[in-house]
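A.B. asks: sharing a sequence plus its predicted fold:
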Amino acid sequence: MAFLSGLTWKKALPLFLILGAGLIHGIIYVYTVPPWEHYDEPGHFEYVWMAANWSSWPQAGEYDESVRSQISASLVSSGFYSRRTGQEIDQVKPDPNWIGYAQVGDPPLYYFAASLPLRLMRGVSINGQLHAARLVSLGFFLLTLVAAWLCMREITPPGSVLRWIVPATLALVPSFADLMTSVNNDTAAVAGFTFFLWISLRIIIRGFNLRRLMVLMAITAVCILTKSTVYLAAPFAGLVLWIALVKPRHPRVFWGGLALGAVIVILGVFTTGQPLDWVPISGQSAQFRTASAIAPFGRYAIQVPSGPGERILQFLPSNVISKLKGQEVTIGGWVWASAPVNAYPPRIGIYSGKQYSGQEFKVGTKPTFFSQNIPFPDQNGPAWVTIYPDVEATENPVTVYYDGLVLAPGDHSGDPPPSFSDTDLQTGTWGGASFVNLIRNPSAEVNWVTIRSWLDQHTPAQFEANLSTILAQLSDWKGAGWYFIGSAGRMARSFWAVFGWGNITLTGRHPYRLLLILSGLGLGFGLLHLFWRKSQVNRGGLLFVTFAAAIVWGVALPRGSGYLAEYGVIWYPVARYAYPVIFSTILLIDMGWISAFSFLGEKLKINRLLYAGLFLGSFIALDVLSIITQISYYARPI
């Protein structure tokens, strides 16, 4: 094989040592983590078992009662429920058909591979079969280390310390080893996409030929057959071919084509028509901002079409929540409809899912001011104003319009309409006293970008909300920025050492602070290599894997925001959704660390062997702490 040409046993020794470390690390997790204590492991295992035991391939919606009863019994006997409920096993009465999120219907490749040993184990206990499937995942872990090592051979010169440090880091990251030894299609997705990065780097750096094209196509197909998180391999494959075929011969055409493609994507994906600071929730991808000749203020108004769940909301900033908590507030504005209808006023929502609303009232076809007094919840946490008229079903669809919305502390329900002193409707007098309107963009005069309906209506189901909803939350940093900060923190911690179903964190006082500081410094210094001419890493290859990492992390970060907008539930994603680019991420962090070590070494005249010892010692300490944390958690009495 050409990509292994010139390889000797001496040169391959670091790889064998890394694979040995990964094997030991992985086996520890295979056998020390109790059954089902990985993300969605019962559902993944059910799919694997059905693939091994059914005569036909399982289809979405199908399940097997016999294996579910065995899984349920194992969940009880292994203490899965007891650890979560604090009750003795005989007090727990689980649903015999509960296995968490069912995975049947996911792309088949991982489940076929994991089912192979189970085809020979039909008389073995369910826990024994689970461990066999975990060992298949361990194989994907080792393949990922090989792929990372091959990537480093492409982008670094012989003798570079990065050639062994990057795959060694992958082998020693506790959370990564934990995930990659679980029954989960993430394991094959990570391995497949890391190999995809390798063949992409090989084509970009060494050039295009038919053999490399065939490998690229095969690995892309593997990704598509594995998991939706690595479907991005398909468009990235097109980018790789564009780089390899056009850039060396026609650089102007290459850059012009990239610019034109970017413009086409931007114009094809984005449009305008949603009000700034408002988050639309629509099964119809409706536009909630409309021009209105009868709007009392300005030229635009908020419109909410009839239909189940059609609504728009605005997150309240934390300082506003603190000001209103436990008080009576008045919410009002001008409202009218396309036809007379009964509707509910805007309501206050909180993260627990509870809604605080006034009474239903009649809405006519001309703008009329309304105001109602409601209690603001006396509790900490996020809150928002939801415009959900919830009109009764009629033969012809009805649209309800709002303009000049106001929210203020106190009871103004008996006062005449407020008088505003600015065109933004943010200040004025109400009930004879000055007030500040706590609704932003209350008249929808400020336009903002959104997602075109053709794409919005095909948002992947795992986001739990349309892309337009997520984009609006990302745009409203003042109201919803706290969520994305929390999401980034959760993903950063779980990148290194969070276990179980995301419920087991490192033992100790603030154990993540140093990890996050060092990670941030490493990532920052690593990104400087994109602009550093003396970097030993191939710049074109580094730019490609960094771009891939930015896209995958960018998709993963807001993944849970849909739960908040749709259901009022705070759920932060974990790093496994970004693990397909763990190679790229670790590469940047390791480059930053090595740059810092080199600088300090020159100043302090530190021997390079000390770097290696510090590196290995730090990760071994983290691994030991992680294992102790898990053993302590699983061994504690109920």
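C.D. replies: Good, I have the coordinates. It should be emphasised that the depicted structure is a prediction, and the values quoted were computed from it without experimental measurement. Numbering: from 1, shown residues only.

A.B. asks: residues touching the spatially closest residue to residue 179 that is not a sequence neighbour, list them.
C.D. replies: Once flanking residues are discounted, residue 179 sits nearest to residue 576: 5.3 Å by C-beta to C-beta, 6 or more residues apart in numbering. Just so you know, the C-beta spots here come from the backbone N, C-alpha and C atoms, and that holds for glycine as well. Taking C-beta atoms under 8 Å, 6 or more residues apart in numbering, we find residue 576 in contact with 39, 175, 179, 186, 494.

A.B. asks: please repeat the previous calculation with a cut-off of 10 Å.
C.D. replies: Counting by C-beta atoms under 10 Å, 6 or more residues apart in numbering, residue 576 makes contact with 38-39, 175-176, 178-180, 182, 184, 186-187, 189-190, 229, 491, 494-495, 498, 502, 556, 582.

A.B. asks: did I read that right, it in a helix?
C.D. replies: Yes: looking at residue 576 with DSSP: H, G, I helix; E, B strand; the rest coil, it is inside a helix.

A.B. asks: so which helix or strand of the protein has the lowest pLDDT on average?
C.D. replies: strand 355-356 (a mean of 72; mean pLDDT, DSSP states H and E).

A.B. asks: direction included, what does the following helix or strand past it pair against?
C.D. replies: Next helix or strand after strand 355-356 toward the C-terminus (DSSP states H and E): strand 361-363. Sheet pairing of strand 361-363 (DSSP bridges) gives strand 341-343 (antiparallel).

A.B. asks: can you pull the buried residues of the strand it pairs with?
C.D. replies: 341, 343 (16 or more other C-beta atoms under 10 Å).

A.B. asks: same check on stretch 463-483?
C.D. replies: Buried residues in stretch 463-483, counting neighbours by 16+ other C-beta under 10 Å, are found at 463-476, 479-480, 483.

A.B. asks: any idea of the mean pLDDT for it?
C.D. replies: Stretch 463-483 carries an average pLDDT of 90.

A.B. asks: and stretch 272-291, by the same measure?
C.D. replies: Per-residue pLDDT over stretch 272-291 has a mean of 87.

A.B. asks: what pLDDT does the closest residue to residue 500 other than its chain neighbours get?
C.D. replies: The shortest distance from residue 500 to any non-neighbouring residue, by C-beta to C-beta, 6+ apart, is to residue 37 (5.2 Å). Residue 37 carries a pLDDT score of 94 in this model.

A.B. asks: quick check, residue 37 in contact with residue 503.
C.D. replies: Yes: taking C-beta atoms under 10 Å as the definition, residue 37 is a contact partner of residue 503 at 9.3 Å.

A.B. asks: where do the contact lists of those two overlap?
C.D. replies: Shared contacts of residue 37 and residue 503, counting by C-beta under 10 Å, 6+ apart, come down to 83, 633.

A.B. asks: between the two, who's got more neighbours?
C.D. replies: Using other C-beta atoms under 10 Å, the more surrounded residue of residue 37 and residue 503 is residue 37, with 22 against 11.

A.B. asks: check the secondary structure at that one for me.
C.D. replies: Going by three-state DSSP: residue 37 is coil.

A.B. asks: and it, how close does it get to residue 491?
C.D. replies: Using C-beta to C-beta, to the nearest Å, residue 37 is found at 20 Å from residue 491.

A.B. asks: report the buried residues of stretch 339-359.
C.D. replies: Neighbour counts over stretch 339-359 (16+ other C-beta under 10 Å) mark 341, 343-351, 356-358 as buried.

A.B. asks: any chance of those in a markdown table, plus distance to residue 290?
C.D. replies: Formatted as a markdown table, the buried residues of stretch 339-359 follow (distance: C-beta to C-beta, whole Å):
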| residue | distance to residue 290 |
| --- | --- |
| 341 | 17 |
| 343 | 17 |
| 344 | 20 |
| 345 | 20 |
| 346 | 17 |
| 347 | 22 |
| 348 | 25 |
| 349 | 24 |
| 350 | 29 |
| 351 | 30 |
| 356 | 27 |
| 357 | 24 |
| 358 | 24 |
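
A.B. asks: excluding chain neighbours, what is closest to residue 175?
C.D. replies: Leaving aside its sequence neighbours, residue 175 sits nearest to residue 497 (C-beta to C-beta, 6+ apart; 5.4 Å).

A.B. asks: against residue 193, how distant is the one you found?
C.D. replies: Distance of residue 497 to residue 193, computed by C-beta to C-beta: 22 Å.

A.B. asks: more neighbours: those two, which one.
C.D. replies: Neighbour tally, residue 497 and residue 193, criterion other C-beta under 10 Å: the higher count belongs to residue 193, 31 against 23.

A.B. asks: quick one, phi psi at the more buried one?
C.D. replies: When read as degrees, to the nearest 10, the backbone of residue 193 gives phi -70, psi -30.

A.B. asks: which residue, neighbours along the chain excluded, lies closest to it?
C.D. replies: Nearest residue to residue 193, sequence neighbours excluded (C-beta to C-beta, 6+ apart): residue 580, at 4.0 Å.

A.B. asks: returning to that earlier point: backbone dihedrals for the residue nearest to residue 175, please?
C.D. replies: phi -160, psi 70.

A.B. asks: could you measure from it over to residue 304?
C.D. replies: Taking C-beta to C-beta as the measure, residue 497 falls 45 Å from residue 304.

A.B. asks: repeat that for residue 345.
C.D. replies: From residue 345 to residue 304 the distance is 12 Å (C-beta to C-beta).

A.B. asks: now swap in residue 567 and tell me
C.D. replies: Residue 567 is 19 Å from residue 304, by C-beta to C-beta.

A.B. asks: the two: who's more crowded?
C.D. replies: Under the criterion of other C-beta under 10 Å, the comparison of residue 567 against residue 304 puts residue 304 first, with 24 against 13.

A.B. asks: isn't the more buried one right next to residue 402, touching?
C.D. replies: Yes: at 7.4 Å, residue 304 and residue 402 qualify as touching, with contact defined as C-beta under 10 Å.

A.B. asks: now do the shared contacts for those two.
C.D. replies: With C-beta under 10 Å, 6+ apart, residue 304 and residue 402 have common neighbours 288, 312, 387, 389.

A.B. asks: could these be laid out in JSON lines, adding neighbour count, distance to residue 116 and secondary structure?
C.D. replies: JSON lines is the format used below for these (neighbours: other C-beta atoms under 10 Å; distance: C-beta to C-beta, whole Å; DSSP: H, G, I helix; E, B strand; the rest coil):
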{"residue": "288", "neighbour count": "26", "distance to residue 116": "51", "secondary structure": "coil"}
{"residue": "312", "neighbour count": "26", "distance to residue 116": "50", "secondary structure": "strand"}
{"residue": "387", "neighbour count": "25", "distance to residue 116": "54", "secondary structure": "strand"}
{"residue": "389", "neighbour count": "25", "distance to residue 116": "56", "secondary structure": "coil"}
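
A.B. asks: what's the closest of those residues to residue 245?
C.D. replies: Distance to residue 245 across the shared contacts of residue 304 and residue 402 (C-beta to C-beta) is lowest for residue 288, with 44.1 Å.

A.B. asks: what's the closest of the shared contacts of residue 304 and residue 402 to residue 336?
C.D. replies: For the shared contacts of residue 304 and residue 402, the nearest to residue 336 is residue 389 (11.3 Å; C-beta to C-beta).

A.B. asks: ok, that closest one - contacts?
C.D. replies: 304-306, 310-311, 335, 337, 341-346, 360, 363, 398-402.
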